[in-house]
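Participant: Quick one, structure for this:
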Amino acid sequence: MQYYSKSMNWNKVEVGPPNAEEWSRIIKFHERNGFKKKGLN
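Facilitator: Reported below is the predicted structural model:
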């Protein structure tokens, strides 16, 4: 994703997972890969 976003001249990519309790593994994956939480937690 990093190379693709740079090739598209994007500064950031926003990901919005569903319910945090049900998708905790997905959220942890994104955090391990450099995504930052933003907005409501």
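
Participant: Phi and psi next, for the closest residue to E31 other than its chain neighbours.
Facilitator: Spatial nearest neighbour of E31, excluding adjacent residues (Cβ to Cβ, 6 or more residues apart in numbering): K37 at 7.6 Å. Where C-beta positions appear, they are placed from N, C-alpha and C, glycine not excepted. Main-chain dihedrals, K37, degrees, to the nearest 10: phi -70, psi 140.

Participant: Centre of the chain to the lengthiest helix in the chain, how far?
Facilitator: Longest helix in the chain by number of residues (criterion: DSSP state H): helix 24-32. Chain-centre distance of helix 24-32: 8 Å, with Cα atoms, centre = their mean, to the nearest Å.

Participant: in the protein, which spans are helices?
Facilitator: 2-7, 24-32.

Participant: so can I have CSV of those helices showing mean pLDDT?
Facilitator: Converted to CSV, these look like this (pLDDT from 0 to 100):
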stretch, mean pLDDT
helix 2-7, 85
helix 24-32, 86
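
Participant: Can you report how many residues lie near W23?
Facilitator: 13 (other Cβ atoms under 10 Å).

Participant: that older thread, in the longest helix of the chain, which residues are buried?
Facilitator: I27 (16 or more other Cβ atoms under 10 Å).

Participant: circling back: compile the helices of the chain into a markdown table and extend it with columns for distance to V15.
Facilitator: Below are the helices of the chain laid out as a markdown table (distance: least, Cβ to Cβ, whole Å):
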| stretch | distance to V15 |
| --- | --- |
| helix 2-7 | 12 |
| helix 24-32 | 6 |
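
Participant: Would you mind measuring from the residue nearest to E31 to A20?
Facilitator: Counting by Cβ to Cβ, to the nearest Å, the gap from K37 to A20 is 10 Å.

Participant: G34 now?
Facilitator: 18 Å.

Participant: And these two? Which one has more around it.
Facilitator: A20 (11 against 8).

Participant: Per-residue pLDDT of that one, please?
Facilitator: If you check A20, the pLDDT there is 76.

Participant: Excluding chain neighbours, give the residue nearest to it in space.
Facilitator: Nearest to A20 is I27, by Cβ to Cβ, 6+ apart, at 6.0 Å.
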